[in-house]
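**Q** Fold the following.
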Amino acid sequence: MNYSSKDLAIVILNWNGKALLEQFLPSVITNSDKASIYVIDNASSDNSVYWLESQYPMISIIKLTTNLGYAGGYQKGLVQIEKPFYCLLNSDVKVTKGWLFPILKLFNNNQISAIQPKILDFKNPEYFEYAGAAGGLLDHLGYPYCRGRVFDTIEKDLGQYNDISEIFWASGACFFVRRDHYWEVGGLDSDYFAHQEEIDLCWRLKNRDKKIFYCGISTVYHVGGASLAYVNPQKTFLNFRNSLFSILKNKKGVNAYVALFVRMLLDGIAGIQFLLKGEWKHFIAILKAHFSFYRYFFKLLDKRSRITRGNINYNTKSVLWDYFIKNKLN
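**A** Modelled structure (predicted):
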């Protein structure tokens, strides 16, 4: 089947993001042809809803009464949208001419559940952007990294990832997904609130033998850190905690508990490093992440019992060992 932009809902989650919408929404409208555009508003207080209604009456607005975060906000809003495909698009993303066609063409493969485009840095467009770059991968301990970005090392875009290839997870900054597959696995987990919930979703899809792809012939530019800066302790808390959530929920058998034990030891080392550098707020954030994980432990076990876990061939490399000990990026 040949899909077109008429089959797609571009869905932007907004929370007090009027300035970002003013800057980036025009590129979405100009370059998205006949796709339907929705804005889910997470109870904003900055007049952005009124501005949208007055400036762009053709855009459908779904108004939420409280801020439910990234995962909860999308869950509440997407259930009201019935297009065959969703594009979950951050409000700080500039899209380019022709960005939709190669993505929709790739969805002709019915095994593909989710796709991300090439994500470049809006502020430094010759380089990949931290949140997704050229497609997400996962090592055997559940550490996420990307083609084009490992930890804080980011590659320059030299055309090395102008390909179409299978990945482990697609970035939530620009996340295309089949509607029926999304709801088949329950969608985003609102307990994550924000950060790494797309990794969990992709992991659940892969556990059901679905495929996640990167499409390097579609390009967007992402500001990054518009909701939480990369140095924000709250981001540290969410990333450390939510990574543990995903391992317990999705990794099969005893390997889940082995990975959790090793990760907790390594998290402790990371916490000590923060402390030695005087970054005590990040040290406390890691402690809080672990206590929050313990608080959710039995709820996560219940979710684990209801999740189908397939025989995924995990990447056997350790991204920590390769990056910090062997000084390798790939």
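**Q** Now do stretch 122-129: everything it contacts.
**A** With C-beta atoms under 8 Å, 6 or more residues apart in numbering as the contact definition, stretch 122-129 has outside contacts at 92-94, 118-121, 134, 146, 148-149, 154-157, 161, 173, 221-224. Where you see a C-beta, it was placed from the backbone N, CA and C, and this is true even at glycine.
**Q** Mind doing that once more with 7 Å?
**A** If you take C-beta atoms under 7 Å, 6 or more residues apart in numbering as the criterion, stretch 122-129 is touched by 94, 119-121, 134, 148-149, 154-157, 221-224.
**Q** cool, stretch 262-275 as well?
**A** Stretch 262-275 is contacted by residues 141-142, 240, 244, 247, 282-283, 286-287, 290, 320 when judged by C-beta under 7 Å, 6+ apart.
**Q** Sort out which one of the contacts of stretch 122-129 lies nearest residue 48 for me.
**A** residue 223 (16.4 Å; C-beta to C-beta).
**Q** mind saving the C-alpha coords of the longest strand anywhere in the chain as PDB?
**A** When the chain is parsed with DSSP state E, its longest strand is strand 211-222. Provided in PDB are the C-alpha atoms of strand 211-222 (Å, rounded to 0.1, in the frame of the first residue of the first chain):
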ATOM      1  CA  LYS A 211      11.100  -3.300  13.600                       C
ATOM      2  CA  ILE A 212      12.400   0.200  14.300                       C
ATOM      3  CA  PHE A 213      14.100   2.100  11.500                       C
ATOM      4  CA  TYR A 214      16.200   5.200  10.800                       C
ATOM      5  CA  CYS A 215      15.700   7.100   7.500                       C
ATOM      6  CA  GLY A 216      18.700   9.200   6.700                       C
ATOM      7  CA  ILE A 217      17.200  10.700   3.600                       C
ATOM      8  CA  SER A 218      14.700  12.700   5.800                       C
ATOM      9  CA  THR A 219      16.200  15.500   7.900                       C
ATOM     10  CA  VAL A 220      15.000  17.700  10.800                       C
ATOM     11  CA  TYR A 221      16.800  20.100  13.000                       C
ATOM     12  CA  HIS A 222      16.300  20.000  16.800                       C
END
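**Q** by contact count, what packs against it?
**A** strand 93-95, helix 100-106, strand 112-121, strand 164-167, helix 197-207 (3 or more C-beta pairs under 7 Å, 6 or more residues apart in numbering; DSSP states H and E).
**Q** next SSE after that strand?
**A** helix 233-250 (DSSP states H and E).
**Q** Compute the inter-axis angle for the helix or strand that comes right after that following helix and helix 233-250.
**A** Later in the chain than helix 233-250, the nearest helix or strand by DSSP H and E is helix 255-276. With axes from the mean of the first three to the mean of the last three C-alpha atoms, to 10 degrees applied, the angle from helix 255-276 to helix 233-250 works out at 170 degrees.
**Q** Put the alpha carbons of helix 255-276 into PDB.
**A** Presented in PDB, the C-alpha positions along helix 255-276 are these (Å, rounded to 0.1, in the frame of the first residue of the first chain):
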ATOM      1  CA  ASN A 255      19.500 -11.200  32.500                       C
ATOM      2  CA  ALA A 256      17.300  -8.400  33.600                       C
ATOM      3  CA  TYR A 257      18.300  -8.700  37.200                       C
ATOM      4  CA  VAL A 258      22.000  -9.200  36.400                       C
ATOM      5  CA  ALA A 259      21.900  -6.000  34.300                       C
ATOM      6  CA  LEU A 260      20.100  -4.100  37.000                       C
ATOM      7  CA  PHE A 261      22.700  -5.200  39.600                       C
ATOM      8  CA  VAL A 262      25.600  -4.100  37.400                       C
ATOM      9  CA  ARG A 263      23.900  -0.900  36.500                       C
ATOM     10  CA  MET A 264      23.300   0.100  40.100                       C
ATOM     11  CA  LEU A 265      27.000  -0.400  40.900                       C
ATOM     12  CA  LEU A 266      28.000   1.700  37.900                       C
ATOM     13  CA  ASP A 267      25.400   4.300  38.900                       C
ATOM     14  CA  GLY A 268      27.100   4.500  42.300                       C
ATOM     15  CA  ILE A 269      30.400   5.100  40.600                       C
ATOM     16  CA  ALA A 270      28.800   7.900  38.500                       C
ATOM     17  CA  GLY A 271      27.400   9.400  41.600                       C
ATOM     18  CA  ILE A 272      30.800   9.500  43.300                       C
ATOM     19  CA  GLN A 273      32.300  11.100  40.200                       C
ATOM     20  CA  PHE A 274      29.700  13.900  40.400                       C
ATOM     21  CA  LEU A 275      30.400  14.300  44.100                       C
ATOM     22  CA  LEU A 276      34.200  14.600  43.500                       C
END
